[in-house]
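Chemist: Prediction below, plus the sequence it came from.
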Amino acid sequence: MLFRFGYIYAHSTAVIIIIIIIIIIIIIIIIIIIIIRDLEKRTYMLIDVAISGDRNVIKKDAEKIMKYKDLTIEIQRVWNVKTKAIPVIIGATGTISKSFRKYVSNIPGSHEVKELQKTAILGTAHILRKVLT
């Protein structure tokens, strides 16, 4: 069976392969870790920024907190500073958890949730455009 995408005709197996690739790309997690150190207040912030699949946002949130729990305790013990792990997890289509705003408010500076969501969506659109062309 042939499917039509604009001027492109594709067999059903090609369509299925493209859909599988899109799903894999959306599920792939993009992770960035940022460390903010304040010498005057003697504090460290471990900010873990991740873009995940929309269904995994809440699960990733809890996973990141547990993942960095031992590290924050070790940093506090070794360097005698206050340490806080802040997970910033956004779904590929901009989905956020209920505690997202609380976590973002702990990060120094002003951050708009809408702008963060927009960035995640634009990144997903960019990846999809690359795959589909």
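Modeler: Structure's in. What do you need?

Chemist: by contact count, what packs against the host helix or strand of residue 124?
Modeler: Under DSSP states H and E, the secondary-structure element containing residue 124 is helix 113-132. Packing partners of helix 113-132 (3 or more Cβ pairs under 8 Å, 6 or more residues apart in numbering; DSSP states H and E): helix 12-27, strand 43-52, strand 82-91, helix 100-105. Heads up, the C-betas are built off the backbone N, CA and C, glycines and all.

Chemist: go with 7 Å
Modeler: Under the contact criterion of 3 or more Cβ pairs under 7 Å, 6 or more residues apart in numbering; DSSP states H and E, helix 113-132 touches helix 12-27, strand 82-91, helix 100-105.

Chemist: From the chain's centroid, how far away is it?
Modeler: 11 Å (Cα atoms, centre = their mean, to the nearest Å).

Chemist: in the chain, which helix has the most residues?
Modeler: Counting residues, the longest helix in the chain under DSSP state H turns out to be helix 57-79.

Chemist: What residues sit buried inside that one?
Modeler: By neighbour count on 16 or more other Cβ atoms under 10 Å, the buried set for helix 57-79 is 57, 60-61, 63-65, 68, 72, 75.

Chemist: Dump these to CSV, plus pLDDT and distance to residue 107.
Modeler: Output for those, formatted as CSV (pLDDT from 0 to 100; distance: Cβ to Cβ, whole Å):
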residue, pLDDT, distance to residue 107
57, 88, 18
60, 86, 18
61, 87, 15
63, 88, 19
64, 88, 14
65, 89, 15
68, 90, 15
72, 92, 16
75, 91, 18
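
Chemist: from those residues, which is closest to residue 92?
Modeler: residue 57 (9.4 Å; Cβ to Cβ).

Chemist: give the contact list for that closest one.
Modeler: Residue 57 makes contact with 89, 91, 95-97 under the criterion Cβ atoms under 7 Å, 6 or more residues apart in numbering.

Chemist: same thing but 6 Å
Modeler: Contacts for residue 57 (Cβ atoms under 6 Å, 6 or more residues apart in numbering) come out as 89, 91, 95, 97.
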